[in-house]
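In: Fold the following, please.
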Amino acid sequence: GFIRAFMWAGGGLVTLLLMIIVNGVWAKQAWLTRQVDEKTTELIAKNQTLLEAKEAQDRAERLSSLGTMAAGISHEINQPLNSIKILSSGILYSIQADEYLPTAEVGRVVQEISSQADRISNIITHMRSIIRHDDRIEVPGEINKAVKQALDIIGTQITNHGIKIEIELAEDLPLVPVSPTALEEIVVNLVVNAMQALDKMERAEKRITICT
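Out: Numbering: from 1, shown residues only. Got it, this is the predicted structure:
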């Protein structure tokens, strides 16, 4: 009877020890799970903060790029506006002086005014497409076309800084899958950075060469 009682007591003790061990393992596992969850939440929060900071930086860079483009566009628009003013003033002067103007000459002037107005419209339309830039869309982009369009916007601005621009465009370049106007913005930023660097230099001749 004693032996049987001892075995029952021993069995109960073993069972108790096993329960304690299992509960300890469960408690440890639960603690580790909580630690993992807390660290995961912390990492997600940090990652979100980094993403928000990166987005803020991208927005700031984009606003700076758009500001540079806007300054360049003001130069590009002024030229056709001045042409329109000169042409229309000439017609108005002739009318006020009661001078005879051949129909062909009037037609040529009106055509030139219309052409300059179209140029302004194209510049504004292009600027709107840049502002509506969507990073989620990718289309086949032409590098050479991006260079030409970028210089259409800031070319006059660069020239006004006393800087010459040389262009060496390779032929038959492959298309690049990229979001609309993104290549153009890259060219604008690179050229503006070069312009700002040259503005700080004292030299007789300043030149920017763009090669593709």
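In: Report the rounded mean pLDDT for the one helix or strand K164 maps to.
Out: Secondary structure from DSSP states H and E places K164 in strand 163-168. Averaged across strand 163-168, the pLDDT comes to 94.
In: Contacts for it next, please.
Out: 147, 151, 155, 158-159, 195, 198, 205-212 (Cβ atoms under 8 Å, 6 or more residues apart in numbering). Heads up, the C-betas are built off the backbone N, CA and C, glycines and all.
In: rerun that using 6 Å as the cut-off
Out: In this structure, residues lying in contact with strand 163-168 by Cβ atoms under 6 Å, 6 or more residues apart in numbering are 158, 198, 206-211.
In: Now the buried members of those residues.
Out: 158, 198, 206, 208, 210 (16 or more other Cβ atoms under 10 Å).
In: Let me know the closest of these to A30.
Out: Nearest to A30 out of these is I210 (Cβ to Cβ; 63.0 Å).
In: What distance do you get for the residue nearest to the closest one when sequence neighbours are not counted to D118?
Out: Excluding its sequence neighbours, the residue lying closest to I210 (Cβ to Cβ, 6 or more residues apart in numbering) is I167, at 5.2 Å. Going from I167 to D118 by Cβ to Cβ, to the nearest Å gives 24 Å.
In: Looking at these two, which is more packed in?
Out: Higher neighbour count among I167 and D118: I167, with 14 against 11, using other Cβ atoms under 10 Å.
In: thinking again about what came up before, any chance of the buried ones among the contacts of strand 163-168 in TSV, plus pLDDT and secondary structure?
Out: Below are the buried ones among the contacts of strand 163-168 laid out as TSV (pLDDT from 0 to 100; DSSP: H, G, I helix; E, B strand; the rest coil):
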residue	pLDDT	secondary structure
I158	86	helix
L198	93	helix
K206	94	strand
I208	95	strand
I210	94	strand
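In: Out of the residues you listed, which is nearest to Q35?
Out: I210 (55.1 Å).
In: ok, that closest one to Q48 distance?
Out: As for I210, its distance to Q48 is 39 Å (criterion: Cβ to Cβ).
In: before we move on, what about T181?
Out: For T181 relative to Q48 (Cβ to Cβ), the value is 28 Å.
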